[in-house]
Structures are given as C-alpha cells and as structure tokens.
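> below are the sequence and a predicted model; questions follow.
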Amino acid sequence: VFASVVRAPEDPILGVTVAYNKDPSRVKLNLGVGAYRTEEGKPLVLNVVRKAEQLLVNDKSRVKEYLPIVGLADFNKLSAKLIFGADSPAIKENRVTTVQCLSGTGSLRVGAEFLARHYHQLTIYIPQPTWGNHPKVFTLAGLSVKTYRYYDPATRGLNFQGLLEDLGSAPSGAIVLLHACAHNPTGVDPTLEQWEQIRQLMRSKGLLPFFDSAYQGFASGSLDADAQSVRMFVADGGECLVAQSYAKNMGLYGERVGALSIVCKTEDVASRVESQLKLVIRPMYSSPPIHGASLVATILKDSNMYHEWTLELKAMADRIISMRQQLFDALSARGTPGDWSHIIKQIGMFTFTGLNSEQVAFMTKEYHVYMTSDGRISMAGLSTKTIPHLVDAIHAAVTR
Ligand code: PMP
C-alpha cells in the first residue's frame with residue numbers, strides 16, 4: 001500500500017552530516033553540525049551534568065511516574081527565572097506560564113499551535129534568512145509565514161533599515177519571530193540600541209514577539225547578557241512568547257529539554273493560557289520526558305552546581321570565540337582575498353562566511369569540508385589543528 005510513496009530529500013542541515021559520514025577521506029571536516037565539539041573534535045558532556053546524573057541515579061526515592069502535562073514544576077519555574085531574570089516583575093506578578101517541551105523545536109511548535117488556535121492574527125514574520133526548520137514548524141502549526149529583511153550580504157551585517165521597514169509595514173498584531181541572541185545562521189545580532197528601536201516599533205504596532213532562545217550563555221559566555229533582548233521586551237509590561245532550549249548551553253541535545261513561556265498581562269490570563277497549552281500538548285505527546293528536565297532542575301537549584309555550569313558554559317563560548325580569532329588570523333596571514341572581519345564580528349556557534357553555494361560545493365568535493373550550502377560553518381566544529389585545512393580550502397575556493 002505504500003508503493004507509491006516518493007523518497008523525501010534529506011534535511012538540508014542534518015543531511016550534511018549524512019554526507020560527511022559517507023566520505024572515507026582522512027582529512028574530512030564536518031562544519032555542518034550544530035553541536036559543540038571539543039578541541040579534539042569530540043562531543044562534550046559537561047562535568048556538572050555528569051554530577052547531576054550521579055545524584056539522580058543515587059536517589060532511590062526517584063520513580064519513573066509520568067510528569068504532569070506541563071512537565072516538571074521546578075524545571076519550569078527555574079527556566080523562567082533563567083531567561084527573564086530573578087527579579088522579573090512578570091514572574092513576581094505570576095503573569096508567566098511556563099511549560100516543559102521537547103527542546104527548542106518542541107517549544108516553538110507548542111507555542112505556534114497555541115497561537116494558531118487562540119490568537120487573532122495568524123501571520124508570523126521570520127527573519128530572512130533564518131534556521132531552516134522555522135518555516136516548516138510554523139506552517140505545519142497552521143500559521144502563515146512571511147519574512148522580514150535581516151541580513152545584508154554587502155556588509156555581512158544587519159540590514160537594520162530593511163528590518164524596520166518590513167516590520168513597519170507588517171499588519172497590526174502580526175507575530176514576529178526574533179532570535180534572542182546568536183542569530184542562526186548569520187551570527188549577526190542587533191545592538192542593544194537597535195533592539196530598543198525594534199521594541200518601540202513592535203509595541204507601537206502591536207506586533208507580538210516570539211523569541212527563539214536556543215543559545216543563552218553560548219553567545220557571549222554570559223547568561224544575563226544573552227537574555228537582554230528578551231528582558232527588554234518583558235520590562236515594558238507587554239506580552240511575548242519565549243522558546244528556550246538547553247541543547248547547546250547545557251549540552252543536553254538528545255535529552256530534548258526545553259521550555260515555552262508565555263508572558264501575559266495578568267495572572268488570570270496566564271492561568272487560562274496554561275489551561276489551553278495543556279489541550280495542545282495532551283494529544284501530541286501527553287507529557288514530556290522526565291530525565292533531562294530533572295538534570296536541569298538539579299543544576300539550576302543548587303548554587304554550587306549553577307556556578308560550575310556557568311564556568312563550563314563560558315569555557316565553551318570562549319573556545320568558539322578563540323576559533324573565530326584563529327580563523328581570521330590564519331586567513332589574514334595567508335593573504336586570502338576579501339574582508340574576513342565578519343568572522344570576528346559575528347557571534348554564537350556559526351559564521352556566515354559569505355561563500356556561495358558553488359564555492360561550498362568545491363570545498364566539499366576537493367577538500368572534504370562539509371557545511372550547509374548557504375556558506376554557514378559551525379565554529380564549534382573547528383580546532384587549532386583543523387584551521388589550516390579550512391584556510392587552504394577557503395583560499396582555493398575564493399582564488400579559483
Ligand atoms: N532554534 C534555533 C535558532 C536553533 O539553532 C536550534 C538548534 N539548531 C533550535 C531552535 C532547536 O534546537 P533543539 O530543538 O535541539 O533545542
């Protein structure tokens with residue numbers, strides 16, 4: 001009965017790793033993967049996560065009962081505190097509802113499903129470009145996706161004028177997807193002054209902010225600094241949605257731990273919103289998994305473990321920042337034509353190199369360097385040892 005099913009294409013991002021795995025070359029380099037790697041190119045489990053795991057294993061009172069539909073209560077409370085700040089008035093006034101979801105993606109999807117059922121404006125504006133899964137998540141949830149200008153290829157920076165024009169002409173009430181920090185794939189973030197202008201424009205037009213926070217702490221190394229955009233919007237008393245992921249900042253990728261928070265105007269509204277979120281979640285997966293959220297809650301609620309986490313997080317962020325500097329220095333030393341300063345200006349896990357799809361195909365074919373065809377490379381996939389090979393590949397691609 002399934003004989004007529006046609007083969008679907010590989011996911012454009014995950015497909016890079018599939019191709020990399022098939023390549024027998026010894027010099028191959030995977031810069032497509034959106035996961036942290038050590039200097040030795042290995043995945044990293046944080047020490048503090050190992051510790052929390054040990055505590056959970058040793059606690060014989062722990063059982064495997066179902067969590068409530070909204071997930072682990074401690075985890076939800078602590079996640080809201082992490083993104084909004086310990087002194088957030090919205091939290092103090094109980095105007096925030098937070099539900100545990102399946103990492104960042106699941107949080108975006110639950111938020112979108114809620115909006116599709118209960119919000120009056122079904123158009124969501126996403127940046128051009130954005131993470132490849134965004135349009136699919138929102139479309140399948142029933143929203144209609146439009147884009148706003150974001151990246152300027154000429155400056156390899158923000159097209160701030162274009163962004164303001166596009167949001168300025170969006171219909172009143174439209175939803176706007178914002179990357180809280182470390183924009184993926186471009187690594188280009190608005191400055192705080194620009195965020196303030198975006199906030200004023202959006203509030204004056206009644207546009208609804210939906211933040212995707214997949215890299216808190218991973219961009220600058222500071223959890224507070226990376227949450228500033230979100231906190232600015234919460235401080236004005238208006239509504240917003242935030243999807244949080246612990247994939248990168250706690251290295252919990254496969255545990256699928258995340259949270260969706262919806263900031264409302266009053267406690268009563270927040271509790272009604274939560275009751276509807278339950279109706280979204282129950283038929284989708286009933287309730288979220290317990291293990292990853294227990295790890296996060298264990299770490300966030302213990303001040304020593306929390307501190308240890310911030311140090312390990314900073315070390316990951318610092319290694320990425322140092323890779324940017326080393327790559328930039330190596331390209332400069334090599335005399336590779338072009339201005340590569342964007343490599344050290346961009347922020348977060350990725351650099352949007354500006355290499356075009358032909359150059360990318362050439363680098364993959366001739367140098368076994370794997371990356372997405374838009375020229376995005378994962379800085380976390382690089383090391384001091386592999387930078388010279390990448391520089392050879394880039395140099396050959398741009399001087400061909
Ligand atoms: N949003 C952005 C911008 C991302 O880069 C990612 C991960 N690549 C996600 C959301 C979702 O990741 P996850 O579902 O693994 O938390």
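Noted; the coordinates are in hand.
> distance of the closest residue to the ligand within the stretch 151-300 of the chain relative to residue 368?
Nearest residue of the stretch 151-300 of the chain to the ligand: residue 245, at 3.2 Å (C-beta to the nearest ligand atom). Backbone N, C-alpha and C define where each C-beta goes, glycine included. From residue 245 across to residue 368, the span is 30 Å (C-beta to C-beta, to the nearest Å).
> quick one, which of the two is more surrounded?
Taking residue 245 and residue 368 together and counting by other C-beta atoms under 10 Å, residue 245 has the greater number of neighbours (27 against 18).
> so what's that one closest to, chain neighbours aside?
Leaving aside its chain neighbours, residue 245 sits nearest to residue 104 (3.0 Å; criterion: C-beta to C-beta, 6 or more residues apart in numbering).
> ok, that neighbour - contacts?
212, 213, 214, 243, 244, 245, 247, 258 (C-beta atoms under 8 Å, 6 or more residues apart in numbering).
> what helices or strands is the helix or strand containing the fifth one leaning on?
Using DSSP states H and E, residue 244 sits within strand 240-245. Strand 240-245 is packed against helix 73-84, helix 103-118, strand 208-213, helix 228-235, strand 257-263, with contacts defined by 3 or more C-beta pairs under 8 Å, 6 or more residues apart in numbering; DSSP states H and E.
> neighbouring contacts of that strand?
For strand 240-245, using C-beta under 8 Å, 6+ apart, the contacting residues are 79, 82-83, 101, 103-105, 107-108, 111, 115, 180, 208-214, 216, 230, 233-234, 257-263.
> what strands line up against that strand, and which way round?
Its sheet considered, strand 240-245 pairs with strand 208-213 (parallel), strand 257-263 (antiparallel) by DSSP bridges.
> hmm, the shortest one touching the ligand?
Yes. Applying C-beta under 6 Å from any ligand atom, one finds that strand 208-213 is in contact with the ligand at residue 212.
> tell me the angle that strand makes with helix 228-235.
Angular relation of strand 208-213 and helix 228-235 on a 0 to 180 degree scale: 150 degrees, by axes from the mean of the first three to the mean of the last three C-alpha atoms, to 10 degrees.
> average pLDDT across strand 208-213?
The predicted model assigns strand 208-213 a mean pLDDT of 98.
> roughly how far apart are residue 27 and residue 59?
Using C-beta to C-beta, one gets 46 Å for the distance from residue 27 to residue 59.
> ignore what I typed, I meant residue 288.
Here the distance between residue 288 and residue 59 works out to 20 Å (C-beta to C-beta).
> need the CA coordinates for the strand holding residue 244. PDB is fine.
Below are the C-alpha coordinates for strand 240-245, written out as PDB (Å, rounded to 0.1, in the frame of the first residue of the first chain):
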ATOM      1  CA  CYS A 240       5.600  37.800  24.500                       C
ATOM      2  CA  LEU A 241       6.400  34.100  23.900                       C
ATOM      3  CA  VAL A 242       9.800  32.600  24.500                       C
ATOM      4  CA  ALA A 243      11.000  29.100  23.400                       C
ATOM      5  CA  GLN A 244      14.100  28.000  25.400                       C
ATOM      6  CA  SER A 245      16.500  25.200  24.600                       C
END
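> if you average pLDDT over it, what comes out?
Averaging pLDDT along strand 240-245 yields 98.
> could you give the angle of the lengthiest helix in the chain to helix 73-84?
Among the segments of the chain that qualify as a helix by DSSP state H, the longest is helix 303-334. Comparing the axes of helix 303-334 and helix 73-84 via the same axes, to 10 degrees yields an angle of 40 degrees.
> what comes up buried for the next helix or strand along the chain from helix 303-334?
Stepping forward along the backbone from helix 303-334, the first helix or strand reached (DSSP H and E) is helix 342-345. Of the residues in helix 342-345, those scored as buried under the neighbour-count criterion (16 or more other C-beta atoms under 10 Å) are 342, 343.
> which element follows helix 342-345 toward the C-terminus?
Beyond helix 342-345 in the direction of the C-terminus, DSSP H and E gives the next helix or strand as strand 350-352.
> distance between stretch 130-149 and the chain's centre?
Relative to the mean C-alpha coordinate of its chain, stretch 130-149 is positioned 15 Å out (C-alpha atoms, centre = their mean, to the nearest Å).
> just stretch 308-327 next, same as before
Distance, centroid of stretch 308-327 to centroid of chain: 17 Å (C-alpha atoms, centre = their mean).
> what of stretch 163-177?
On the basis of C-alpha atoms, centre = their mean, the separation between the geometric centre of stretch 163-177 and that of its chain is 21 Å.
> that stretch spans what distance, first to last residue?
Taking C-alpha to C-alpha, to the nearest Å, the first and last residues of stretch 163-177 lie 12 Å apart.
> now tell me what touches that stretch from outside.
With C-beta under 8 Å, 6+ apart as the test, stretch 163-177 has contacts from 115, 119-121, 123-127, 130, 134, 138, 143, 146-150, 190, 197-198, 201-202, 205-210, 212.
> what parts of the stretch 101-250 of the chain come near the ligand?
Counting by C-beta under 6 Å from any ligand atom, the stretch 101-250 of the chain comes close to the ligand at 103, 104, 105, 131, 179, 184, 212, 214, 245, 247.
> if we use 5 Å, what do you get?
Residues of the stretch 101-250 of the chain found near the ligand, taking C-beta under 5 Å from any ligand atom as the criterion, are 103, 104, 105, 131, 184, 212, 214, 245, 247.
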